[in-house]
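1. A predicted structure for the sequence below; I have some questions about it.
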Amino acid sequence: MKLDRAYSLDEIARLISGEALGDASISASGINEIHMVEAGDIVFVDFHKYYKPTLSSAASVVIIDQKTECPTGKALIVHPDPFRAFNFLTQYFLEKISSALPEQAQIDSTARVMPGAHIGNYVSIGARSVVHPGVVIYDHCEIGNDVIIHANSVIGSDAFYFKRRENMHDKLISVGKVIIENGVEIGSGCTIDRGSTGNTVIGEGSKLDNQVHIGHDTVIGKRCLLAAQVGIAGCVTIKDKVVMWGQVGCAANLEIGEGAVIYAQSGIAKSLAGGQTYFGSPAIDARMKMREIATISNLSRRQ
Amino acid sequence: MKLDRAYSLDEIARLISGEALGDASISASGINEIHMVEAGDIVFVDFHKYYKPTLSSAASVVIIDQKTECPTGKALIVHPDPFRAFNFLTQYFLEKISSALPEQAQIDSTARVMPGAHIGNYVSIGARSVVHPGVVIYDHCEIGNDVIIHANSVIGSDAFYFKRRENMHDKLISVGKVIIENGVEIGSGCTIDRGSTGNTVIGEGSKLDNQVHIGHDTVIGKRCLLAAQVGIAGCVTIKDKVVMWGQVGCAANLEIGEGAVIYAQSGIAKSLAGGQTYFGSPAIDARMKMREIATISNLSRRQ
Amino acid sequence: MKLDRAYSLDEIARLISGEALGDASISASGINEIHMVEAGDIVFVDFHKYYKPTLSSAASVVIIDQKTECPTGKALIVHPDPFRAFNFLTQYFLEKISSALPEQAQIDSTARVMPGAHIGNYVSIGARSVVHPGVVIYDHCEIGNDVIIHANSVIGSDAFYFKRRENMHDKLISVGKVIIENGVEIGSGCTIDRGSTGNTVIGEGSKLDNQVHIGHDTVIGKRCLLAAQVGIAGCVTIKDKVVMWGQVGCAANLEIGEGAVIYAQSGIAKSLAGGQTYFGSPAIDARMKMREIATISNLSRRQ
């Protein structure tokens, strides 16, 4: 999430009553969790084993639970509970950003929002888009032009992102949005989660069939086809013109190359190169999978 | 889709500014895409490799993108973009048909439509049927007697049917309906797409659990049981008394015989004979699948 | 289901015009179908092969379709159609119980029910809970404190529970409820069925992602995590801290031990011990499954 302005290290440390270390001249203009972090961002870390990747990430300001050596060109803020501090900051900044925006949804005069659809605050809906009954669009989501959203789909529900604590799961508060680009069609009963701090994006001209689930911070390219009951976890990158047939599942934090085709019910457990066809759970090259199926069948008949 | 009256070849050609060839005395009384085509229908073809099956189909009038030899007893209409011409015609005829119908939904006085359900135009709902809150029924769908539709199910959303063009996917406009016969129960969060030009049918007494998806033009027989999260693609024929357990998926354009039983999570990739039990993805005879599972287990332990 | 008071054998027999046999002093204070039966309950049986388990169950009063020897300490009520008699009784008792309750939903003043949510009668919603637009909560469900239910989820739809008759499926009428304990979060587009006669329970602090389906009478423990599109059938017991990744399916009438982890797309066909990790359809020990996958891959390459 981009902030409304640059915040100095000292300002940020004071907001969360933390202790600032490192280059005092550093400021931050964004805030993101580690999967989405960019230069200029605030990030947090609270597991020792993630210290190294976080401290060597693009982040400028790291909220951390122990004093440690500060890398050059970065600053640290020591806080006893970085997760809670991060949640506090994202909400604080979201309110700052929101206060500069018109609260009421901006719906183009040529768009058609049907009775029984629920449109949140700070939402925008572009020209000629159609929102069917029972659709729920949470705050801050952006719907482009010529988009169709079928009945009872949900755009912008919270990320499924929890920190395991001693006696409960603590929720990372979602402050990102869903951006649906021009010409997208979304079937009925779909659910698309907002980004935790970044954006979930459905790229231009992509088509989703019914009951598709898209996780937080996932970015889907242009002109993809996702058949019914496909489920994509969080932080996935799907390049342009990918085709997934029905009930395909895709694990978090991976990338699928341009034009890949995934056969029905496949389970994608690692990143897949583009331009090829995959099948199986876990998904592998489709011809190889077909050969495996034949091998098993032959062995089984022989026994 | 049946038309409101017979249309002469010349009338149809003029509606789409196309060039008529072949038997000028031919008229059409229906319009369907190739999977649903019947005698007397208008159909379209725009891929050379589909010329032969389309020209030898039951259709009376073929909208085609190139001049070609016209089979005896048929007529052709040459048009630079048959897909677009077909979309124009289906919408034109749907409006003609609709104008003769009462726009307001016909809901039997003994039916119970709960607050927060959304009923489209030209819908009919039969005696003693119950429609729970949040259900959305699109225009033209027909709900029989003694039907129960649980909360947030969607009846009649558009077919997932696109033509791949140079820079986008062009949508086949859905003009068919969903017909839900007497005594059907539909769980919560289901989605049933309307036919593209034909009808999607849920046969008498069939029961669908929650989050079931049924694709366009699929016809389900009588007294079938479909457990939760089953997904059936478009143009599937399921005969009477078929049982599918949870999360079964079924590919498009195939047929499942009477009384077939499909175990949970199976993936149906080709037509299946009735009266038998199937398992696996792809689904095969269940005992054979069980033997395969045992074979793999034994081999793996030995290594 | 607990009754409003104890009912004597004679009272029950008269309600359904059945013939009482056995200990006439027996009374019943509850009614449950066989999977949920407890001491003091009324139960029914109408298949000869289930006579033995039903007659030796904890039930006090058995509605049965034939005269048979009555076990000591129990009573029988002979009725030509025990299924229909049982449906009559559960509805009769539910009305008795309901008449003592305030019909209007009891919503804590600190709870937030958003516009477009539908709350049934006899529902309770605890402190600080948030119910998003399009959520449907059926009658009699209980929502605890600090619960979040995301848009378009359905709480309390009917059990998928039918008796196969000559020419139709007869529905067991659901009279149980859904109980959602404190601190639970439910994603968007989920469906949770009410118990048939018992309760479906989501335990304290458990988190469900989007499009999760939970069947009737299933009891989920505390602090479980169920990822998107997981489907759990009816009468399942899931102990505390179980984790299921996306699209896992679980068959009916089984138990999953504390802390079990189930990888994505697995299909659980039998009870699983706690503290272990499982994968596959059917699900087995995850390392064993990985070895099987490697075995198949090696064999297939060799051929």
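-> Structure received. Numbers count the residues shown, from 1 in each chain, chains lettered A, B, ... in the order given.
2. A:Ile293: which element?
-> For A:Ile293, the host element (DSSP states H and E) is helix A:286-302.
3. What is that helix packed up against?
-> strand A:277-279, helix B:286-302, helix C:286-302 (3 or more C-beta pairs under 8 Å, 6 or more residues apart in numbering or on different chains; DSSP states H and E). Quick note: C-beta positions are derived from backbone N, CA and C, even for glycine.
4. Take these and lay them out in a markdown table including mean neighbour count, mean pLDDT and distance to B:Ser153.
-> Output for those, formatted as a markdown table (neighbours: other C-beta atoms under 10 Å in any protein chain shown; pLDDT from 0 to 100; distance: least, C-beta to C-beta, whole Å):
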| stretch | mean neighbour count | mean pLDDT | distance to B:Ser153 |
| --- | --- | --- | --- |
| strand A:277-279 | 21 | 98 | 31 |
| helix B:286-302 | 16 | 94 | 30 |
| helix C:286-302 | 16 | 94 | 35 |
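5. CSV for the ones you listed, including distance to A:Glu19?
-> As requested, these are arranged in CSV below (distance: least, C-beta to C-beta, whole Å):
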stretch, distance to A:Glu19
strand A:277-279, 49
helix B:286-302, 55
helix C:286-302, 43
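6. Determine which of the ones you listed approaches A:Arg14 most closely.
-> helix C:286-302 (47.3 Å; C-beta to C-beta).
7. Other residues contacting the closest one?
-> A:282, A:288, A:291-292, A:295-296, A:299, B:296-297, B:299-300, B:303, C:261, C:263, C:276-280, C:283 (C-beta atoms under 8 Å, 6 or more residues apart in numbering or on different chains).
8. Who are the contact partners of A:Ile31?
-> Applying C-beta under 8 Å, 6+ apart to A:Ile31 gives the contacts A:Met1, A:Leu3, A:Asp41, A:Ile42, A:Val43, A:Phe86, A:Leu89, A:Thr90, A:Phe93, A:Thr197.
9. What of A:Leu226?
-> A:Ser206, A:Lys207, A:Leu208, A:Asp209, A:Val212, A:Ile220, A:Ile232, A:Met244, A:Val248.
10. Now, those residues that are in strands?
-> Applying DSSP state E to the contacts of A:Leu226, the entries found in strands are A:Lys207, A:Leu208, A:Ile220, A:Ile232, A:Met244.
11. Pull the most distant pair out of those.
-> With distances taken as C-beta to C-beta, the most widely separated pair in the ones in strands among the contacts of A:Leu226 is A:Lys207 and A:Ile232, at 14.4 Å.
12. ok, those two, which is more surrounded?
-> A:Ile232 (28 against 23; other C-beta atoms under 10 Å in any protein chain shown).
13. Now for A:Ser25: which residues touch it?
-> Contacts of A:Ser25 by C-beta under 8 Å, 6+ apart are A:Leu9.
14. same thing with A:Ala39?
-> So, once contact is read as C-beta under 8 Å, 6+ apart, A:Ala39 ends up touching A:Ala58, A:Ala59, A:Ser60.
15. From B:Ile284, how far out is it?
-> 54 Å (C-beta to C-beta, to the nearest Å).
16. Burial check on the closest residue in space to A:Asp65 that isn't next to it in sequence, number of neighbours?
-> Leaving aside its chain neighbours, A:Asp65 sits nearest to A:Asp46 (4.8 Å; criterion: C-beta to C-beta, 6 or more residues apart in numbering or on different chains). Residues lying near A:Asp46 (other C-beta under 10 Å) number 20.
17. wait, A:Asp46 sits on A:Arg84?
-> No. Contact criterion C-beta atoms under 8 Å: A:Asp46 and A:Arg84 do not qualify, at 9.5 Å.
18. and A:Leu9, which of the helices and strands packed on helix A:286-302 is closest to it?
-> Nearest to A:Leu9 among those is helix C:286-302; the distance by C-beta to C-beta comes to 44.9 Å.
19. what residues does the longest strand along chain A touch?
-> Using DSSP E to define each element, chain A has its longest strand at strand A:2-8. Contact with strand A:2-8 is made by A:Ile26, A:Ser27, A:Ala28, A:Ser29, A:Gly30, A:Ile31, A:Phe93, A:Lys96, A:Ile97, A:Ala100, as judged by C-beta under 8 Å, 6+ apart.
20. how does it look with 10 Å?
-> Strand A:2-8 is contacted from outside by A:12-15, A:20, A:24-32, A:38, A:40-42, A:61, A:75, A:89, A:92-100, using C-beta atoms under 10 Å, 6 or more residues apart in numbering or on different chains.
21. Among those, the buried ones, what's the PyMOL command?
-> A single PyMOL command is used to select the members of these judged buried by 16 or more other C-beta atoms under 10 Å in any protein chain shown:
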select buried, chain A and resi 12+13+20+26+27+28+29+30+31+32+40+41+42+61+75+89+93+94+98
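22. Would you report which members of the contacts of strand A:2-8 are assigned to helices?
-> Those of the contacts of strand A:2-8 mapping onto helices are A:12-15, A:89, A:92-99, per DSSP state H.
23. pull the CA atoms of stretch A:15-28 into CSV?
-> C-alpha atoms of stretch A:15-28 as CSV (Å, rounded to 0.1, in the frame of the first residue of the first chain):
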residue,chain,number,x,y,z
LEU,A,15,3.1,6.0,16.0
ILE,A,16,3.8,2.5,17.4
SER,A,17,5.9,3.6,20.4
GLY,A,18,8.9,1.7,19.1
GLU,A,19,12.6,2.3,19.3
ALA,A,20,14.2,3.5,16.0
LEU,A,21,17.7,2.2,15.0
GLY,A,22,19.8,2.8,11.9
ASP,A,23,19.8,5.7,9.4
ALA,A,24,17.6,8.4,11.0
SER,A,25,17.2,10.2,7.7
ILE,A,26,15.2,7.3,6.2
SER,A,27,11.6,7.8,5.4
ALA,A,28,8.9,5.4,4.1
